[in-house]
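**Student:** mind looking at a prediction? Sequence and model below.
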Amino acid sequence: MALQLTSRKVAVIGGGAAGLVAARELRREGHKVVVFEREAQPGGTWVYTHEVESDPLGLDPGRTIVHSSLYSSLRTNLPREVMGFRDFPFVATGKDDRDSRRFPGHEEVLRYLEDFAREFRLHELVRYQTEVQYVGLETDGMWKVCSRSKVGDDDRKLAETYDAVVVCNGHYTEPRIADIPGAEHWPGRQTHSHNYRNPEPYQDQVVVLIGSSASAVDISRDIAGAAKEVHVASRSKPAGSYGKQPGYDNMWLHPMIESAYEDGRVAFQDGSVVVADVILHCTGYKYHFPFLRTGGIVNVDDNRVGPLYQHVFPPALAPGLSFVGLPFKVVPFILCELQSKWIAGILSGRVSLPSKEKMMEEVEAFYSTLKAAGIPKRYTHQLGDQQFEYYDWLAAESGSPSVEEWRKNMYFAKSPNRIIRPETYRDEWDDDELMLQAHQDFLQYLP
Ligand code: FAD
């Protein structure tokens, strides 16, 4: 006998890559979907803007919020074959006005997401310029969603109820700042990479840049073309690797900052001292859900969103509340695609979840493993090398094929290059065989 699927009324918060693919998967499964998107267009992070926030460190909760953290020169750090959704390949269109590079600029990613939204008629599900301001559970088990739509002079507030809420609000907007002894008296300018757009404001300046992530690597090189000196302070560099950055006359690598002083000096743990104009924090972001009220059931503690079963469901509130896209050091689009398929299947009743007690037991066991391995809470959602195992688990649970071997191999072949040769990895490669396999695979999806 065919399984009777339940159709739910689902609110999706956010119309970035996660929200778009969640909407597609939920509708495919037969659910009724409304996507709430604060901006006037889809794409989230990939909607570049020259605007920056009123507080460059992002400490003032009343500041004007700019969602995207993209800088003007940004090109993807994943090859497009790996990055795209599984059944909607991110291939070069061959059109003159498009960027056909394998690691394209950010505009091309936005155009791909626009193509995706058009292809799957997702615009009809999205309420643009509509911010969700409150999400909370009602006594009858429904979720209340309060939103505000502002289009020109029309300013409307709406309260509605849904069977389920899928949170897809992104996690690269709320800056995390390095703790620098003496910073409060240091007279220079401090800012966060969230508000970095281009190197012009750093012309002839002495810049201390903190961080070693993909953005830190890109931005340090971007700024070195304009600044007098760039001093990169990083926790993760191996001892003894400090000194001049090979290939640059004006860039130095240091361990972390020891202290900053009233006279403008910045001292590093390697004993060196510079008088700097700017400290640029490329120190990552915090999870932030200002609209969510769960009565303390879901918390963000040292950047762990928890308790969450498989990074998605808070056991006590499952399956009505779920999160898409929280893990980092991942391939984000397919992560979101597979999490969304799983959520859609669970909401319809096609896929089952363990009992709340069992889920909680698994979450606690996971946290204990992290603790025993000395992994701080803030790395709870870091997947890195384990990500494909997680994707294959999601795929198996939701009845999808496991991740393509070429995609895994291409990811692992490419990742070290980002570190070994950051200047050239986007334009030089030696994995033509894997590219061939990817394009062979894409044939089944291309018109
Ligand atoms: P977002 O894209 O941030 O979308 C969230 C959406 O939610 C936004 O549209 C926002 O307006 C909306 N929203 C938030 N709060 C509300 C609310 N209360 N009400 C209504 N709407 C709301 N990924 C790659 O695959 N390749 C790369 O090369 C790559 N480079 C990156 C470089 C940088 C600098 C950054 C910051 C990220 C990069 N990423 C990259 C990761 C990127 O974040 C993901 O690709 C993807 O954009 C995540 O999508 P998302 O939908 O989870 O979040």
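**Tutor:** It's in.
**Student:** would you pull up the residue in the stretch 51-200 of the chain closest to the ligand?
**Tutor:** residue 170 (2.2 Å; C-beta to the nearest ligand atom). Any C-beta I mention is one placed from the backbone N, CA and C, and that applies to glycine too.
**Student:** could you look up the SS state of the closest residue to residue 84 other than its chain neighbours?
**Tutor:** Nearest residue to residue 84 in three dimensions, chain neighbours excluded: residue 90, at 2.8 Å (C-beta to C-beta, 6 or more residues apart in numbering). Assigned with DSSP: H, G, I helix; E, B strand; the rest coil, residue 90 falls in the coil class.
**Student:** ok, now which ones touch residue 90?
**Tutor:** 80-81, 83-84, 109, 112 (C-beta atoms under 8 Å, 6 or more residues apart in numbering).
**Student:** with residue 321 instead?
**Tutor:** Residues near residue 321 by C-beta under 8 Å, 6+ apart: 135, 137, 143, 164-165, 167, 294, 298, 313-314.
**Student:** so what's it bridging to?
**Tutor:** Following DSSP bridges, residue 321 is listed with bridge partners residue 165.
**Student:** sort out which of the contacts of residue 321 are buried, if you could.
**Tutor:** 135, 137, 143, 164-165, 167, 298, 313-314 (16 or more other C-beta atoms under 10 Å).
**Student:** including distance to residue 427, secondary structure and pLDDT, could these go into a markdown table?
**Tutor:** Formatted as a markdown table, the buried ones among the contacts of residue 321 follow (distance: C-beta to C-beta, whole Å; DSSP: H, G, I helix; E, B strand; the rest coil; pLDDT from 0 to 100):
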| residue | distance to residue 427 | secondary structure | pLDDT |
| --- | --- | --- | --- |
| 135 | 44 | strand | 98 |
| 137 | 50 | strand | 97 |
| 143 | 47 | strand | 98 |
| 164 | 44 | strand | 98 |
| 165 | 42 | strand | 98 |
| 167 | 37 | strand | 99 |
| 298 | 43 | coil | 98 |
| 313 | 41 | strand | 98 |
| 314 | 43 | coil | 98 |
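**Student:** flag every residue of the stretch 1-150 of the chain that's near the ligand.
**Tutor:** 13-19, 36-39, 44-46, 67, 69-70, 74, 76-78, 83, 131-132 (C-beta under 6 Å from any ligand atom).
**Student:** apply 8 Å and report the result again.
**Tutor:** Neighbours of the ligand within the stretch 1-150 of the chain, by C-beta under 8 Å from any ligand atom: 13-20, 36-39, 42-47, 67-71, 74-78, 83, 103, 106, 109, 130-133, 147.
**Student:** okay, buried residues for stretch 345-361 please.
**Tutor:** 345-348, 350-351, 353, 359-360.
**Student:** try stretch 304-322
**Tutor:** Buried-residue list, stretch 304-322, by 16+ other C-beta under 10 Å: 304-315, 317-322.
**Student:** cool, stretch 415-422 as well?
**Tutor:** Buried, per 16+ other C-beta under 10 Å, within stretch 415-422: 415, 417, 422.
**Student:** now that stretch: average pLDDT?
**Tutor:** Averaged across stretch 415-422, the pLDDT comes to 83.
**Student:** change the start of the numbering to 549 and stick with it
**Tutor:** Will do, 549 is the new start, and the previous item becomes stretch 963-970.
**Student:** that stretch vs the ligand: in contact?
**Tutor:** No: contact of stretch 963-970 with the ligand (C-beta under 8 Å from any ligand atom) is absent, the minimum separation being 10.1 Å.
**Student:** C-alpha coordinates for that stretch, CSV please?
**Tutor:** Listed next in CSV are the C-alpha coordinates belonging to stretch 963-970 (Å, rounded to 0.1, in the frame of the first residue of the first chain):
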residue,chain,number,x,y,z
SER,A,963,41.4,21.8,-0.6
PRO,A,964,45.2,21.7,0.1
ASN,A,965,45.9,24.0,-2.8
ARG,A,966,44.0,26.8,-1.0
ILE,A,967,46.7,26.8,1.6
ILE,A,968,49.7,25.7,-0.4
ARG,A,969,49.3,28.2,-3.3
PRO,A,970,46.6,30.7,-2.5
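**Student:** can you give me the offset of that stretch from its chain's centre?
**Tutor:** Centroid displacement of stretch 963-970 relative to its chain, using C-alpha atoms, centre = their mean, to the nearest Å, is 20 Å.
**Student:** about what we covered before: including neighbour count, could the contacts of residue 638 go into a markdown table?
**Tutor:** Listed next are the contacts of residue 638 as a markdown table, based on neighbours: other C-beta atoms under 10 Å:
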| residue | neighbour count |
| --- | --- |
| 628 | 21 |
| 629 | 24 |
| 631 | 22 |
| 632 | 24 |
| 657 | 25 |
| 660 | 26 |
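**Student:** tabulate those residues (JSON lines), appending secondary structure, distance to residue 724 and pLDDT.
**Tutor:** Output for those, formatted as JSON lines (DSSP: H, G, I helix; E, B strand; the rest coil; distance: C-beta to C-beta, whole Å; pLDDT from 0 to 100):
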{"residue": "628", "secondary structure": "helix", "distance to residue 724": "29", "pLDDT": "97"}
{"residue": "629", "secondary structure": "helix", "distance to residue 724": "31", "pLDDT": "98"}
{"residue": "631", "secondary structure": "helix", "distance to residue 724": "25", "pLDDT": "98"}
{"residue": "632", "secondary structure": "coil", "distance to residue 724": "29", "pLDDT": "98"}
{"residue": "657", "secondary structure": "helix", "distance to residue 724": "24", "pLDDT": "98"}
{"residue": "660", "secondary structure": "helix", "distance to residue 724": "29", "pLDDT": "98"}
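**Student:** and those, which two are furthest apart?
**Tutor:** Maximum pairwise distance in the contacts of residue 638, criterion C-beta to C-beta, is 13.5 Å, between 629 and 657.
**Student:** neighbours of residue 670, how many?
**Tutor:** Neighbours of residue 670 under the rule other C-beta atoms under 10 Å: 21.
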